[in-house]
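**Q** this is the structure alone, sequence omitted:
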């Protein structure tokens, strides 16, 4: 399921980049979909701009939804303690093993002595 969502995310992101690049800029000088023809003569220039804006919004929602789905799938199956730590025990210590010393207290950083 995760690989399917990754493929969908890839196609949506490519389509989103293409739809953003096809739109006209504020000045109207850099748009690739402009001109009198308006995407092959199927739309008027204003209709093409509205269609591209609507398409970009739909693709942005799909991108957000697939990103959220991938995040939820990656967190699925993990223990609850990993997802949210309780304030009582913010750091869980590992059990002591035979022959190994326990966890040490953090040491302050060493201050270098001036050269004399």
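**A** The structure has been received and is ready for your questions. Source: prediction; values computed, not measured.

**Q** the host helix or strand of residue 50 packs against which elements?
**A** Using DSSP states H and E, residue 50 sits within helix 45-75. In terms of contacts (3 or more C-beta pairs under 8 Å, 6 or more residues apart in numbering; DSSP states H and E), helix 45-75 is packed against helix 2-22. From N, CA and C alone the C-beta is placed, and that goes for glycine too.

**Q** who touches the helix it packs on?
**A** The contact list for helix 2-22, computed with C-beta atoms under 8 Å, 6 or more residues apart in numbering, reads 31-33, 52, 55-56, 59-60, 62-63, 66-67, 69-70, 73-74.

**Q** list the contacts of residue 112.
**A** Residue 112 neighbours (C-beta under 8 Å, 6+ apart): none.

**Q** that one and residue 3, how far apart?
**A** Distance of residue 112 to residue 3, computed by C-beta to C-beta, to the nearest Å: 52 Å.
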